[in-house]
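Peer 1: give me a 3D structure for the following:
(2 chains)
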Amino acid sequence: MKKSNLLLGLAGVLILISLIAWGYQINKGLIVTNMRNPFSWGLYIATFAFFVGVAAGGLIISSSVYLFNIEKLKPFTRIASLSAFASILGAGAMIFPDMGRVDRVWNIFVYPNFKSPLVWDVVVISAYLLITFLSVYVQLLPDWKKEGRGFLNGWTKSHPQEYVEAFSKKWSKRVALVGLPVAILIHTVTALIFATQESRGWWNTAVLPPDFVSVAIASGTALVLVIALLAVGKDQFEQYKEAFQRMALIVAGSLVVHFFFVAVDLLIHGWWGSPEGKEVLSLIFSHYGFLYGTELLLPAFTMVFFLTKKGKNSFNALIIGSLLLFIGVFAHRLMLMYPAFNSIPLTLAIPGAGIESWAYPVAIGQLQEGVPVFVSSWAYMPSLVEYAVALLPFGLLLFVVTLALRMYNFVPQK
Amino acid sequence: MRLGMVIDLDRCIGCRSCAVACKSHNAQPPGTWWNRVFTPGASFHQAAVGKDGALQMESLPVSCQMCDNPACQKVCPSGATYTDEQGVVLIDYERCIGCRYCIAACPYGVRQYNWEDPKKAKERVGYEKGYEYGYPEDFRDKDGRLVFTPNRPVGVVEKCTFCAQYTSQGEEPACVRGCPGKVRIFGDLDDPNSEVSKLIKKRQPIRLKEELGTSPKVFYLAPAKPIR
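Peer 2: Numbering: from 1, shown residues only, chains lettered A, B, ... in the order given. Purely as a prediction, here's the structure:
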């Protein structure tokens, strides 16, 4: 009980800091970020994409219980749904501070442009938020009935316990099966926001949506794994060991697929040898080599680690492997931005001068002492305000998960 | 009517008068430039580039290319960016939600964001107090959409409008009028007898990043200094 108070307090502080920073940003404008015209999306969109990714876990776990009959995972379908709901809530919340005119966001609903992948992302993310909420709700109904509490469940009063149990069972399965394609779609559509843009070579590849799905299955399952481990504690580790090992296997397996996509993607970017392709490769391997190394090496370590006996057999190993994976996936999301924005789309060849690729400078949108107005690249580092605002989804996730685990029983005892 | 522009690079001296006229007439805040002129290949403007002692120095003005297939319009979630009946791509400053997807989508780097309130920006930079430049009134299209206002709202995207406030009254854009070399020719691409149409037929023009399929309505006549 005390531990959860501490965590709730921490979540409250994170949310408060981010709301204060967001208020400051609304007052001053996005000038308080380090984004500028040549680098117009940064930490916020990367964090958004990260949370969309970890939201996958819920329905992957629940639906694999029903689709592939993996009974061992059954005790964790509630935690899985909860983690998905909390993550997608965080992702949705992260989008708002990135909007320069958050007061007009309703324009998306009044005048939607259905050619824009962004509109479709709003549709699928809202649907996923609803579905994951329903998934948690129907699974908790029998407990609520028994304990005489809960919310939105007045209708169950007139039914016997057995009816509610059967209802819960039937609808948990239905929601999970309807939810699975939506879970795949949130990653596909989020990836399509980027992949459709032919002006940005780093994004414009058909491998991006399937790769988003593979990274999402890995990181989403890892989040369920971490929450499940912390919820049952070290004492009961042995009891659920097989379920944890199965999750670790799902993580490692989808990382194998991810690295296959990464290899194909790099090959396609590099093989033709065009100036654009060379520029992207030089950006990721040299200029942003550290970040890209983090993106590659940490998940690679987790992949191998989770396939070994040592990696999947202990509480601590599973936690550490998952945390390293999260850091790697976060670097992956940041690396969506760096090579895309620092490779300016309008490049020209000047054959007479022996120049194959010259980037036409872009106005940064600010006049400031010591900073050029026109630039060919922008050394983006998030500002303090951006870091503070980006705490919002972390705070929300922590708050929702801790509160829910404290109030209700998410690990049904057999 | 499809409004378009021909830019004769043979005549351009890189003086940037168009950029300045554009900036003043359209009241662009500090650090925002709808219209840019650079020397291709050079790290700064008006520096010659070349190899083996053979130097060259051309100038290339770039503003909104007014694409017939505009990526910026397609990605706009709220329909704030639209193409009017004259083929001009415009932004409704009252509908833009500031998501900046269009800035990521545009291959030409012409879209600019209002990172802060333009009035505050002018003040901070130290522009003379009370000095207001540019077309002084709001301009709305025939459907009442706000496509020009001297001080843009904070948090919206802006770009070249072909000077909608002038062209709607039959006048030419500021960059066309302000060019001392008469580099820019503006007119109706649908009219086969317009100067722009004739030039496009006569002098094989080039369009920027044509391979992206954006179909720009800004055409460049390559510098063809007779050497042989």
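Peer 1: every contact and neighbour count from this point should use C-alpha atoms.
Peer 2: Noted.
Peer 1: all strands for the stretch 201-350 of chain A, in order.
Peer 2: Listed in chain order, the strands of the stretch 201-350 of chain A (DSSP state E, counting those that start in this stretch) span A:347-350.
Peer 1: quick check, pLDDT for residue A:264.
Peer 2: In this model, residue A:264 is scored at 97, pLDDT.
Peer 1: that one and residue A:207, how far apart?
Peer 2: 8 Å (Cα to Cα, to the nearest Å).
Peer 1: in terms of neighbours, single out the busier of these two.
Peer 2: The neighbour comparison of residue A:264 against residue A:207 (other Cα atoms under 10 Å in any protein chain shown) goes to residue A:207, with 15 against 12.
Peer 1: ok, that one - contacts?
Peer 2: By Cα atoms under 8 Å, 6 or more residues apart in numbering or on different chains, the contact set of residue A:207 is A:261, A:265.
Peer 1: from residue A:184, how far off is it?
Peer 2: Taken as Cα to Cα, the span from residue A:207 to residue A:184 is 14 Å.
Peer 1: kindly report the same for residue B:100.
Peer 2: In terms of Cα to Cα, residue B:100 sits 26 Å off from residue A:184.
Peer 1: neighbour count winner among those two?
Peer 2: Just comparing residue B:100 and residue A:184: by other Cα under 10 Å the higher neighbour count belongs to residue B:100, 24 against 21.
Peer 1: find the nearest non-adjacent residue to that one, please.
Peer 2: residue A:40 (6.6 Å; Cα to Cα, 6 or more residues apart in numbering or on different chains).
Peer 1: quick one: pLDDT of the one you found?
Peer 2: Reported pLDDT for residue A:40: 97.
Peer 1: how far away is it from residue A:177?
Peer 2: The value you get for residue A:40 to residue A:177, if Cα to Cα is used, is 38 Å.
Peer 1: more crowded one of the two?
Peer 2: residue A:40 (22 against 18).
Peer 1: wait, doesn't the more buried one sit right on residue B:106?
Peer 2: No. At 11.6 Å, residue A:40 does not count as touching residue B:106 under the criterion of Cα atoms under 8 Å.
Peer 1: name the residues that touch stretch A:140-158?
Peer 2: Contacts of stretch A:140-158 (Cα under 8 Å, 6+ apart): A:78, A:161, A:164, A:165, A:168, A:408, A:409.
Peer 1: let's verify residue A:357: helix, strand, or coil?
Peer 2: strand (DSSP: H, G, I helix; E, B strand; the rest coil).
Peer 1: quick check: closest non-adjacent residue to it.
Peer 2: residue A:349 (4.9 Å).
Peer 1: next one: the spatially most central residue of chain B, what pLDDT does it get?
Peer 2: Nearest to the geometric centre of chain B sits residue B:63, at 2.8 Å (Cα atoms, centre = their mean). pLDDT, residue B:63: 98.
Peer 1: what helices or strands is the worst-scoring helix or strand of chain A on mean pLDDT leaning on?
Peer 2: Using mean pLDDT, DSSP states H and E, the weakest-scoring helix or strand in chain A turns out to be helix A:57-67, at a mean of 82. Contacts defined by 3 or more Cα pairs under 8 Å, 6 or more residues apart in numbering or on different chains; DSSP states H and E place helix A:57-67 against helix A:77-98, helix A:161-195, helix A:208-232.
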